[in-house]
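Engineer: Fold the following, please.
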Amino acid sequence: MSKRIIISGGGTGGHIYPAIAIANAIQKLEPDSEILFVGALGKMEMEKVPRAGYEIVGLPIVGIKREITLDNLAFPFKLAGSLLKARTIVRDFKPNVAVGVGGFASGPLLMMASLSGVPTLIQEQNSYAGITNKLLAKRAGKICVAYPGMEAFFPKEKLVMLGNPVRSDIVDVSSKRSEALAHFGFSDQRKTLFVMGGSLGARSINESLNAGIDKLIAAGYQVLWQTGKGFIEKAQETVARIGASKVKAFEFIYEMDLAYAVADVVVSRAGALSVSELCLAAKPAILVPYPAAAEDHQTKNALSLIEQNAAVLIRDNKTQQDLVPAAIDLLSDIIKQEELKMNIKKLARPTAANDIAREVLKLVKS
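Structural biologist: Numbers count the residues shown, from 1 in each chain. You can find the predicted model right below:
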């Protein structure tokens, strides 16, 4: 009899891609398993999950904005509708286990699954747990975490520290450098700075790079630039001015293995997925934590690397003056690059997806 598994969550690539990595690992271990994703209507998982080959159902759930808005008035109704739909999904799909990876949809789905007697597993990606996961933890059978000290938020007896699941193609990107240079049309005579603001963009990073990119080019470097949403038009104007041989700009890069392979230094936010991928790819990184992240968890994620001398930290409010000079300094310092590579690689968890998949299957309800 095939195992039926629901995986819920999303909102950003930082939740979606770990969820897909877990699903892929489950299917390798149990090829006959049936997997259904549950996401939030209108969010990027509704596009990314089908692209990965899985079925997804959307809930009308929305997040609560910190400022007072009309959208917040609709939240109780959206939540009620999402709980009812989640109950229907659980009743109809009859899962043996439900997994929550964070994001808007995780709360209603895992709540309804646990109330229906379905075993649940939480995958907490950050070094600081969010409110939803802390509430769901009371009923969860297992909580997979990526950082030590998480007993401050969750029952210690439920915790297992396995790391964050990432895309399997990021393992051993060093062997793909020639392919990556050809794919992006870059010169092997120049070092490459890979700048990514995440799937939803990062205004401070994008604006700072745009203002200082001429200095990078003048210093002899080339730039691969993932803008995320909202900045691609301005970036393309810069590409047209400088020349496409030295700067490549994309709203989103699907071939992340090649992006990491071509990079000598990476500039990134400090979301859990980005940090985990950087550890696995063993890339010298400049981290710019998003200051408005819940409970400032990105700064906490970044500091976990900084304390191990495994990355460089630039505060968001210092990017305009510090980001490009820091990138030039690191690109020109081979000794510092090697030091960061060595230290960040020690933090990698290459088997995280498989390890989490095994924990999921242990919980399967017969």
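Engineer: buried residues in the helix or strand bottoming out on mean pLDDT in the chain?
Structural biologist: When the helices and strands of the chain are compared on mean pLDDT, DSSP states H and E, helix 70-93 comes out lowest with a mean of 85. If you call a residue buried by 16 or more other Cβ atoms under 10 Å, then helix 70-93 has these buried ones: 78-79, 82-83, 85-87, 89-90, 93. Yep, even glycine has a C-beta here, placed from its N, CA and C like the rest.
Engineer: contacts for stretch 294-310?
Structural biologist: The contact list for stretch 294-310 (Cβ atoms under 8 Å, 6 or more residues apart in numbering) reads 126-128, 130-131, 147, 269-272, 275, 279, 285, 287, 289-291, 293, 311-313, 339-340, 343-344, 346-347.
Engineer: just the strands in this protein please.
Structural biologist: Ranges of strands in the chain, per DSSP state E, are 4-8, 34-40, 55-59, 97-100, 120-124, 142-145, 159-161, 192-196, 222-226, 247-250, 265-268, 285-287, 312-313.
Engineer: Now render those strands as CSV, adding distance to Leu303.
Structural biologist: Listed next are the strands of the chain as CSV, based on distance: least, Cβ to Cβ, whole Å:
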stretch, distance to Leu303
strand 4-8, 29
strand 34-40, 30
strand 55-59, 34
strand 97-100, 25
strand 120-124, 17
strand 142-145, 16
strand 159-161, 18
strand 192-196, 20
strand 222-226, 24
strand 247-250, 29
strand 265-268, 15
strand 285-287, 9
strand 312-313, 7
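Engineer: got JSON lines for those, with mean pLDDT and distance to Gly185 too?
Structural biologist: Listed next are the strands of the chain as JSON lines, based on pLDDT from 0 to 100; distance: least, Cβ to Cβ, whole Å:
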{"stretch": "strand 4-8", "mean pLDDT": "97", "distance to Gly185": "36"}
{"stretch": "strand 34-40", "mean pLDDT": "96", "distance to Gly185": "34"}
{"stretch": "strand 55-59", "mean pLDDT": "96", "distance to Gly185": "34"}
{"stretch": "strand 97-100", "mean pLDDT": "98", "distance to Gly185": "39"}
{"stretch": "strand 120-124", "mean pLDDT": "96", "distance to Gly185": "37"}
{"stretch": "strand 142-145", "mean pLDDT": "97", "distance to Gly185": "40"}
{"stretch": "strand 159-161", "mean pLDDT": "97", "distance to Gly185": "41"}
{"stretch": "strand 192-196", "mean pLDDT": "97", "distance to Gly185": "11"}
{"stretch": "strand 222-226", "mean pLDDT": "98", "distance to Gly185": "10"}
{"stretch": "strand 247-250", "mean pLDDT": "97", "distance to Gly185": "7"}
{"stretch": "strand 265-268", "mean pLDDT": "98", "distance to Gly185": "19"}
{"stretch": "strand 285-287", "mean pLDDT": "98", "distance to Gly185": "24"}
{"stretch": "strand 312-313", "mean pLDDT": "98", "distance to Gly185": "28"}
